[in-house]
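Undergrad: Make a model of this:
(chains A, B, C and D)
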Number of protein chains: 4
Amino acid sequence: MPPADNHRVIETTFRVRFAETDMMGVVHHASYLAYLEEGRSEYTRRCGAPYAELQEMGYFLAVGEMTIRYHASATYDDLITVRTWLDDLRSRGVTFGYQVVDAASGELLVTASVRLICIDQGGQARRIPSEWASRLAAT
Amino acid sequence: MPPADNHRVIETTFRVRFAETDMMGVVHHASYLAYLEEGRSEYTRRCGAPYAELQEMGYFLAVGEMTIRYHASATYDDLITVRTWLDDLRSRGVTFGYQVVDAASGELLVTASVRLICIDQGGQARRIPSEWASRLAAT
Amino acid sequence: MPPADNHRVIETTFRVRFAETDMMGVVHHASYLAYLEEGRSEYTRRCGAPYAELQEMGYFLAVGEMTIRYHASATYDDLITVRTWLDDLRSRGVTFGYQVVDAASGELLVTASVRLICIDQGGQARRIPSEWASRLAAT
Amino acid sequence: MPPADNHRVIETTFRVRFAETDMMGVVHHASYLAYLEEGRSEYTRRCGAPYAELQEMGYFLAVGEMTIRYHASATYDDLITVRTWLDDLRSRGVTFGYQVVDAASGELLVTASVRLICIDQGGQARRIPSEWASRLAAT
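TA: Numbering: from 1, shown residues only, chains lettered A, B, ... in the order given. Here you go, the predicted model:
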């Protein structure tokens, strides 16, 4: 699951918010989904193909499937880094790979794979607009 | 802030979810906003004027202002009751009052007042459709 | 991924809250994690081995890995049912299987598998207390 | 509610995450509570009195009361700025004032006041440790 050598990896770093913790004293496992989402948002921005632009064209990327492994925990105020890369790009979908690490120690917290499907505002599966997709894929 | 005698009070009871807690070991203060929202959803259902129906007509009720007091804390697995009543109904807005109590002990957890403003899908302030409002106000 | 014949399946039914939706107009994919969590909470309650009791003994079940497939979407006010079953029980961990369905139509929304690891308050992996585990496994 | 001239105002700027929106197409009103929380976290960090340090001493600041006014809405990918200042500091509590603005246009989105109460791990009201409080109040 580590990114292949030929993948561009985009890093986003931010602090864990208090609201993202649970009574176990650590980041709640669902909070990482927002981190991954922010990771792929940043990926699309840096490629010059912001997700917000795809939405303005009338399309969404809906999560079709995801697998997440939790290796270690983070807690409030920790600085964490989401590393995001493009794993697979098809006409109607895209798969991103992720590592979330502790920004200070480099310790691996989470690895994940999220497959997204392009839909229109009626929820129908659609081809990803090729012009947007080509910007996403450019390296 | 207790409801006046002439107010219909609707009660909704449910359990605190684990995800709603934080590292203080109790329900995070923001989680109560979803509880209040569910309280007024239930209020509108019981009045035969479900909020979902207002949305289908093209309107939303956006929160304009709210005041919340936290009196005691709840935690995972606790059964809590949201008591909701209509405090004020105007042509373009509605204010709900709330008490959240521990369902087992009756202890008061939260009191709140939330003022909502009727908007259309473009975000413009609108009159609440009178037919829906009259069902909400009927006692 | 459907539950085997010899599995006890526990159903929990509740309404989608407004706060659980996103700007796609449907339930945000992360909201399902709270639904699954509530599904396994209910499973443990019905077995007479409530998770809250395990916590009181000083243990937590932390998510180690999960796989989720999203088949169809739900939205605000929909009544949904989480079907939860025990897939695997080991000395230090437990895996639950899930289906989330639309309670009215029966349409399949989500299938999931969540593997949990027993830890103590210091975050160390521990054996699940056998007395609690045996209640969980009883059929 | 604008900060008095003699108040230090700390600004924190970040992007709205997709998960923070709701089906109205804008940031859900409860998401702002996490923004305010992050605003006061940053305030304490910049004062050299990080909240995480107060927790390590065995204390929490629990929300006792809050008032929020929503003036305009933000949406996914918007860059927003939280402006936080200390409104009142007492032996057992502290009140922060806030403005949330659109970072690009400067438009006012939210104004808020949040009163926090110092508690220990058993939930009992306590004096804020004076050494931490004096760092918070220094200007």
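
Undergrad: and chain A, which residues reach chain C?
TA: Residues of chain A lying close to chain C by CB under 8 Å from any CB of the partner chain are A:24, A:26, A:29-30, A:33-34, A:37, A:60, A:62-70, A:73, A:123. For glycine as for every other residue, the C-beta is placed from the backbone atoms N, C-alpha and C.

Undergrad: Quick one: mean pLDDT over stretch A:14-32.
TA: When pLDDT is averaged along stretch A:14-32, the result is 98.

Undergrad: Can you show me the helices along chain A?
TA: Counting by DSSP state H, chain A has helices at residues A:31-46, A:51-56, A:130-137.

Undergrad: Of those helices, which stretch is the most buried?
TA: helix A:31-46 (a mean of 22; mean count of other CB atoms under 10 Å in any protein chain shown).

Undergrad: what does chain A have sitting close to chain D?
TA: A:14-15, A:17-20, A:33-34, A:37-38, A:41, A:50-52, A:55, A:76-77.

Undergrad: Return the distance of stretch A:44-54 from the chain's centre.
TA: 13 Å (CA atoms, centre = their mean, to the nearest Å).

Undergrad: meant to ask about stretch A:52-67, not that
TA: The answer for stretch A:52-67 is 12 Å, by CA atoms, centre = their mean.

Undergrad: Do me a favour and get the end-to-end distance for that stretch?
TA: One end of stretch A:52-67 sits 25 Å from the other (CA to CA, to the nearest Å).

Undergrad: what about that stretch, near chain B?
TA: No - on the criterion CB under 8 Å from any CB, stretch A:52-67 is out of touch with chain B, staying 15.5 Å away.

Undergrad: what sits up against that stretch?
TA: With CB atoms under 8 Å, 6 or more residues apart in numbering or on different chains as the test, stretch A:52-67 has contacts from A:33, A:44, A:51, A:93-94, A:112-121, A:126, A:128-129, A:132, C:24, C:29, C:65-70, C:73, D:76-77.

Undergrad: and what of stretch A:103-111?
TA: Taking CB under 8 Å, 6+ apart as the rule, stretch A:103-111 contacts A:1, A:13, A:32, A:68-74, A:78-81, A:97-102.

Undergrad: average pLDDT for it?
TA: Mean pLDDT, stretch A:103-111: 98.

Undergrad: Kindly report the same for stretch A:75-91.
TA: Here the average pLDDT along stretch A:75-91 is 97.

Undergrad: tell me which residues in stretch A:10-26 are buried?
TA: Buried positions in stretch A:10-26, judged by neighbour count with 16 or more other CB atoms under 10 Å in any protein chain shown: A:10, A:12, A:14-26.

Undergrad: same question, stretch A:88-107
TA: Of the residues in stretch A:88-107, those buried (16+ other CB under 10 Å) are A:93, A:94, A:95, A:96, A:97, A:98, A:99, A:100, A:101, A:102, A:103.

Undergrad: Check these against chain B and report the nearest one.
TA: residue A:102 (17.0 Å; CB to the nearest CB).

Undergrad: What segments of chain A are strands?
TA: Counting by DSSP state E, the segments of chain A that form strands are A:10-15, A:59-70, A:79-89, A:93-102, A:108-120.

Undergrad: For residue D:89, find the nearest of those strands.
TA: strand A:10-15 (23.9 Å; CB to CB).

Undergrad: Run the contact check for that closest one versus chain B.
TA: No - taking CB under 8 Å from any CB as the criterion, strand A:10-15 and chain B are apart, separated by no less than 14.4 Å.

Undergrad: Who are the packing partners of that strand?
TA: Counting contacts by 3 or more CB pairs under 8 Å, 6 or more residues apart in numbering or on different chains; DSSP states H and E, strand A:10-15 packs against helix A:31-46, strand A:79-89.

Undergrad: Can you add distance to residue D:88 and give the ones you listed back as JSON lines?
TA: Compiled in JSON lines, these are given as follows (distance: least, CB to CB, whole Å):
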{"stretch": "helix A:31-46", "distance to residue D:88": "31"}
{"stretch": "strand A:79-89", "distance to residue D:88": "30"}
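
Undergrad: Wait, residue A:33 touches residue C:29, no?
TA: Yes - contact criterion CB atoms under 8 Å: residue A:33 and residue C:29 qualify, at 6.6 Å.

Undergrad: for the buried residues of stretch A:10-26, which one is nearest chain D?
TA: If you rank these by distance to chain D using CB to the nearest CB, residue A:19 comes first, at 4.2 Å.

Undergrad: Grab the nearest non-local neighbour of that closest one.
TA: residue D:34 (4.2 Å; CB to CB, 6 or more residues apart in numbering or on different chains).

Undergrad: Just to check, the one you found is in contact with residue A:21?
TA: No - applying CB under 8 Å as the test, residue D:34 and residue A:21 come out as separate, 11.3 Å apart.

Undergrad: Need the overlap of contacts for the two.
TA: Overlap of the contact sets of residue D:34 and residue A:21 (by CB under 8 Å, 6+ apart) is empty.

Undergrad: and the most far-flung residue of chain A relative to its centre, what does it touch?
TA: Going by CA atoms, centre = their mean, the residue of chain A most distant from its centre is residue A:23, 25.6 Å out. Contact partners of residue A:23, counting by CB under 8 Å, 6+ apart, are B:18, B:21, B:22, B:23, B:24, B:25, B:26, B:75, B:76.

Undergrad: what two of those have the greatest distance between them?
TA: Maximum distance among the contacts of residue A:23 (CB to CB): 14.0 Å, for B:18 and B:24.

Undergrad: residues from chain A in reach of chain B?
TA: Looking at chain B, the residues of chain A close enough under CB under 8 Å from any CB are A:18, A:19, A:21, A:22, A:23, A:24, A:25, A:26, A:28, A:30, A:75, A:76.

Undergrad: what residues are up against the third one?
TA: Residues touching residue A:21, when contacts are defined by CB under 8 Å, 6+ apart, comprise A:27, A:28, A:31, A:75, A:76, B:22, B:23.

Undergrad: if you set the cut-off to 10 Å instead, what comes out?
TA: A:27-28, A:31, A:73-77, B:21-24, B:28 (CB atoms under 10 Å, 6 or more residues apart in numbering or on different chains).

Undergrad: Now distance to residue C:89 too, for those residues, in TSV please.
TA: As requested, the contacts of residue A:21 are exported to TSV (distance: CB to CB, whole Å):
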residue	distance to residue C:89
A:27	26
A:28	24
A:31	27
A:73	23
A:74	28
A:75	29
A:76	32
A:77	36
B:21	25
B:22	29
B:23	29
B:24	32
B:28	31
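
Undergrad: if we take those residues, which one ends up nearest to chain C?
TA: residue A:73 (6.6 Å).

Undergrad: Around the closest one, how many other residues sit close by?
TA: 19 (other CB atoms under 10 Å in any protein chain shown).

Undergrad: Spit out the contact partners of the nearest residue to it once chain neighbours are set aside.
TA: Nearest residue to residue A:73, sequence neighbours excluded (CB to CB, 6+ apart): residue A:26, at 3.9 Å. Going by CB under 10 Å, 6+ apart, residue A:26 touches A:16, A:20, A:70, A:72-76, A:78, A:109, B:23, C:60, C:62, C:123.

Undergrad: out of those residues, who's nearest chain D?
TA: Nearest to chain D among the contacts of residue A:26, with distances taken as CB to the nearest CB, is residue A:76, at 6.3 Å.

Undergrad: hang on, that closest one packs against residue B:28?
TA: No - using CB atoms under 10 Å, residue A:76 makes no contact with residue B:28, being 11.7 Å away.

Undergrad: shared neighbours, these two?
TA: Listed contacts common to residue A:76 and residue B:28 are A:18, A:19, A:20, A:21, B:22, D:37; contacts here mean CB under 10 Å, 6+ apart.

Undergrad: Could you list which residues are in contact with the residue lying closest to the last one once chain neighbours are set aside?
TA: When you say that, I think you mean residue D:37. Once flanking residues are discounted, residue D:37 sits nearest to residue A:18: 5.3 Å by CB to CB, 6+ apart. Going by CB under 10 Å, 6+ apart, residue A:18 touches A:75-77, B:22-24, B:28-30, D:34, D:37-38, D:40-41, D:51-52, D:55, D:60-61.
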